[in-house]
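**Q** sharing a sequence plus its predicted fold:
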Amino acid sequence: MGSKRQFRIWRGDETGGDLKDYAVEVNEGEVVLDVIHRLQATEAPDLACRWNCKAGKCGSCSMEINGKPRLGCMTRMSTFEETETVTVTPLRTFPVIRDLVTDVSFNYEKARETPAFAPPADVAPGDYRMQQVDVERSQEFRKCIECFLCQNVCHVIRDHDENKQAFSGPRFFIRAAELDMHPLDAKTDRKEYAQSEMGLGFCNITKCCTEVCPEHIKITDNGIIPMKERVVDRRYDPLVWLGNKIFRRGQVPQTSATSGHSSGAVTAGAAHGGVHSHAGGSHDSSAERQAQQGVNWQREVPHPTAPAVDSSGKLPLTELTFDRAAAPSPFGDDVEFPLPPEHLNFAHPQQDEPKH
Amino acid sequence: MTSTATRPRGARARAAIAAKTLRTDRWWFAPLITVVGLSAWVIYATVRVFMHDFYWVEEYHYLTPFYSPCVTERCVEGAAHFGRFLPGWWIIPDAALTLPFLLLFRLTCYYYRKAYYRSFWLSPPACAVPDGHQSYSGETRFPLLGQNLHRYFFYAAAIISLINTWDAILAFHSPEGFGFGLGNIVLLVNVVMLWAYTISCHSCRHIIGGRLKHFSKHPVRYKAWTGVSWLNVRHMQLAWITLGTLALTDFYVMALAANWFPDLRFIN
């Protein structure tokens, strides 16, 4: 038989909200997500919460529990005192959609901006052979479940929204590290790219990403610091620089990371006075423009589009007013997957031209 | 077509949560203890460095690491392995060749950076606790861009560890010739810990093998990288342990030099 426990859960949407008190029954062995589900089944049927596997593998139920970014399904109720009030809030870094659900599309955009694996030119697909010892480091980063807790806790964007354009975040630094350490990856400028386009220099290695990672990936020690050291190899090592000058070695082909803006590319925002950011960018457009100075987004960015509203000027939210029976896409009806490249504000210069 | 609430529509608002942090644990304890610990050590080290006395035990050739190598005109002869070529002004530390590099090595160390960014600079004081600053540019600009020079201070620190090792070897001495006392153990433990801290450095880990793309082509460096990685996991502990051993070693030598108590001798 369970006991009644006190909860405070943030209810609201982008127009505002508040912490609401609930007393919920909690049974032995339950996790916070179980309690959220019990609330939905009893006194708060309209409580919005994103979840999927309930096994700590899908990365959906990211939330902040007593102020700490956690997975709801991996936070046992037994870790709290019987008398303790448990506070559950949505991720702070991303725009809220409703209650505990946030719009994490910032991360999907950053994912698209991260250069993919570059296959080696002289090895045919299917003939790739790698030694375990060579791929072990990369495999650690493959454990990532993309819960975005590291992105959420990182103070670079959590406390300074204006850095969102220039900073990709820990999840994508380990993606860059994973590929840079990959024995068959043919791309040679990932270090420069991480520094100049992904904002690696913003990280001050305070290790919160590592602290919150539910997969216990050593994001800072094994991913970010090695990438910083690799950047030092190329950019801040005067001995290497001198050696390269004298022996004319290690010349990196000019890419977006090493060259100026390519012809035809337009710097976002500045020309339009606005910033494309349905990823939840800053509300301060001047600060965002400032933050993206020096960042080449490689193409003109589309303007944000206003939502379609009904005759009363409001969004049709309920099933009664919605024009279809099925559940709406959480990403919006106009978002296709894979994300159409023309909606992104960045195209890697080596990427194939988008097919329409 | 009607749409849903999640249609892309420019900048959206975050959840309006009034509290700056909702953490209920003692998140302030770690930064507080770091401030106390680092401040205490810096005060002790500063006082000792500018004391210009009680750094050398003539009888047993014990030299404190804070004065190694002693290079100013005021140094006693036995402590000056590399000559006495700097003027004896009060403001110049007697180990003026090494102390700045050791300071910069620790200042740019990836662990200490975490420690002081959190505790002194409050950027952020703890995870999911707001940064104490209006704007933030991280390590992208001068002077923090200089943190990237860590590996050069690592090279310097490795050389200085060699000097400290030499000091510890020379200290097996007594007026009768060879000697061995508690002071030797203190000096040796300090040197071993200094080596462990220096080798466990993230830059060392990178140089020794981390920069390679194919470990399989470099089995010896891979083995070395594995060893350094094992130590690197303990870098934080070693950073604090070496602060302790440095202060303890210095205090022990100072106590002997000031005749507060005699050295416990095992041989001669």
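**A** Yes, it's here.
**Q** so what's A:Asp185 closest to, chain neighbours aside?
**A** Nearest non-adjacent residue to A:Asp185, counting by C-beta to C-beta, 6 or more residues apart in numbering or on different chains: A:Leu179, 4.9 Å away. Backbone N, C-alpha and C define where each C-beta goes, glycine included.
**Q** for the one you found, what are its contacts?
**A** A:115-118, A:138, A:185, A:187, A:190 (C-beta atoms under 8 Å, 6 or more residues apart in numbering or on different chains).
**Q** can you check A:Asp18 too?
**A** A:10-12.
**Q** which residues in the stretch 151-268 of chain B form strands?
**A** Along the stretch 151-268 of chain B, counting by DSSP state E, counting those that start in this stretch, strands occupy B:180-181, B:265-267.
**Q** name the stretch among the ones you listed that sits most buried.
**A** Among the strands of the stretch 151-268 of chain B, strand B:180-181 has the highest mean neighbour count (mean count of other C-beta atoms under 10 Å in any protein chain shown), at a mean of 20.
**Q** packing partners for that one?
**A** strand B:265-267 (3 or more C-beta pairs under 8 Å, 6 or more residues apart in numbering or on different chains; DSSP states H and E).
**Q** in its sheet, what does the strand it packs on sit against?
**A** Applying DSSP bridges, strand B:265-267 is found paired with strand B:180-181 (antiparallel).
**Q** from the rest of the structure, what touches the partner strand?
**A** Contacts for strand B:180-181 (C-beta under 8 Å, 6+ apart): B:60, B:172, B:174, B:263-268.
**Q** returning to what we had before: could I get the contacts of A:Asp18 as a markdown table with distance to chain B?
**A** Below are the contacts of A:Asp18 laid out as a markdown table (distance: C-beta to the nearest C-beta, whole Å):
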| residue | distance to chain B |
| --- | --- |
| A:Trp10 | 6 |
| A:Arg11 | 10 |
| A:Gly12 | 7 |
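**Q** from the contact counts, what lies against the top helix by length along chain B?
**A** Taking DSSP state H as the criterion, chain B has its longest helix at helix B:235-257. Secondary-structure packing of helix B:235-257 (3+ C-beta pairs under 8 Å, 6+ apart): helix B:29-49, strand B:56-57, strand B:62-63, helix B:110-119, helix B:182-199.
**Q** in the longest one, which residues are buried?
**A** For helix B:29-49, a neighbour-count test (16 or more other C-beta atoms under 10 Å in any protein chain shown) marks B:31, B:34, B:38, B:44-45, B:48-49 as buried.
**Q** what does the last one give?
**A** Residues B:183-184, B:186-188, B:190-191, B:193-199 are the ones in helix B:182-199 that count as buried (16+ other C-beta under 10 Å).
**Q** so B:Phe101, which state does it fall into?
**A** Using DSSP: H, G, I helix; E, B strand; the rest coil, the structure places B:Phe101 in helix.
**Q** just give the number of residues close to it.
**A** Other residues near B:Phe101 come to 17 when the count uses other C-beta atoms under 10 Å in any protein chain shown.
**Q** give the contact list for it.
**A** Contact analysis of B:Phe101 by C-beta under 8 Å, 6+ apart lists B:153, B:156-157, B:160.
**Q** interface residues of the stretch 51-200 of chain A facing chain B?
**A** A:64, A:66-69, A:84, A:87, A:89-90, A:92-98, A:102-103, A:105, A:131, A:133-134, A:136, A:153, A:155-156, A:158-160, A:162-163, A:181-183, A:199 (C-beta under 8 Å from any C-beta of the partner chain).
**Q** need the buried ones from those selected in ChimeraX.
**A** Burial among those is assessed by 16+ other C-beta under 10 Å; the matching ChimeraX selection reads:
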select /A:64,66,67,68,69,87,89,90,92,93,94,95,96,97,98,102,103,105,134,153,155,156,158,159,160,162,163,181,182,183,199
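**Q** tell me which of the residues of the stretch 51-200 of chain A next to chain B fall in strands.
**A** In strands, judged by DSSP state E, the following of these are found: A:64, A:68-69, A:87, A:89, A:96-98, A:102.
**Q** which among those residues gets closest to chain B?
**A** A:Val96 (4.0 Å; C-beta to the nearest C-beta).
**Q** for the closest one, name its beta-bridge partners.
**A** Residues in beta-bridge contact with A:Val96 (DSSP bridges): A:Thr102.
**Q** surely it touches A:Thr89?
**A** No: at 9.5 Å, A:Val96 does not count as touching A:Thr89 under the criterion of C-beta atoms under 8 Å.
**Q** residues bridging contact with those two, i.e. touching both?
**A** In contact with both A:Val96 and A:Thr89: B:Ala15, using C-beta under 8 Å, 6+ apart.
**Q** what is the burial count for the nearest residue to A:His182 once chain neighbours are set aside?
**A** Spatially, and ignoring its direct neighbours in sequence, A:His182 is nearest to A:Ser138 (5.2 Å; C-beta to C-beta, 6+ apart). By the criterion of other C-beta under 10 Å, A:Ser138 has 18 neighbours.
**Q** may I have the strand or helix carrying A:Ser138 as CSV, with CA atoms only?
**A** For A:Ser138, the element it lies in under DSSP states H and E is helix A:132-142. Only the C-alpha atoms of helix A:132-142 are listed here, as CSV (Å, rounded to 0.1, in the frame of the first residue of the first chain):
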residue,chain,number,x,y,z
GLN,A,132,37.9,-2.5,-31.8
VAL,A,133,40.7,-0.6,-30.1
ASP,A,134,40.3,2.2,-32.6
VAL,A,135,36.6,2.6,-32.3
GLU,A,136,36.2,2.2,-28.5
ARG,A,137,36.4,5.9,-27.8
SER,A,138,33.8,6.7,-30.4
GLN,A,139,31.5,4.0,-29.1
GLU,A,140,31.2,5.6,-25.7
PHE,A,141,29.6,8.6,-27.4
ARG,A,142,27.3,6.3,-29.3
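**Q** where do the helices sit along chain A?
**A** With DSSP H as the criterion, chain A has helices at A:32-41, A:105-113, A:132-142, A:149-153, A:155-158, A:170-180, A:190-196, A:208-212, A:225-231, A:238-247, A:285-291.
**Q** can I get these in JSON lines including mean pLDDT?
**A** Compiled in JSON lines, the helices of chain A are given as follows (pLDDT from 0 to 100):
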{"stretch": "helix A:32-41", "mean pLDDT": "96"}
{"stretch": "helix A:105-113", "mean pLDDT": "93"}
{"stretch": "helix A:132-142", "mean pLDDT": "95"}
{"stretch": "helix A:149-153", "mean pLDDT": "97"}
{"stretch": "helix A:155-158", "mean pLDDT": "96"}
{"stretch": "helix A:170-180", "mean pLDDT": "96"}
{"stretch": "helix A:190-196", "mean pLDDT": "92"}
{"stretch": "helix A:208-212", "mean pLDDT": "97"}
{"stretch": "helix A:225-231", "mean pLDDT": "95"}
{"stretch": "helix A:238-247", "mean pLDDT": "72"}
{"stretch": "helix A:285-291", "mean pLDDT": "54"}
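**Q** nearest to B:Cys127 among those would be which one?
**A** Closest to B:Cys127 of the helices of chain A is helix A:208-212 (C-beta to C-beta; 3.7 Å).
**Q** please name the nearest non-neighbouring residue to the residue nearest the centre of chain B.
**A** Nearest residue to the geometric centre of chain B (C-alpha atoms, centre = their mean): B:Arg106, 4.0 Å. Of all residues not flanking B:Arg106 in the chain, B:Tyr112 sits nearest, at 5.4 Å (C-beta to C-beta, 6+ apart).
**Q** pretty sure A:Asn107 contacts A:Ser168?
**A** No: assessed by C-beta under 8 Å, A:Asn107 is found out of contact with A:Ser168, at 9.1 Å.
**Q** more neighbours: which of the two?
**A** Taking other C-beta under 10 Å, A:Asn107 and A:Ser168 do not tie; A:Ser168 has more neighbours (26 against 20).
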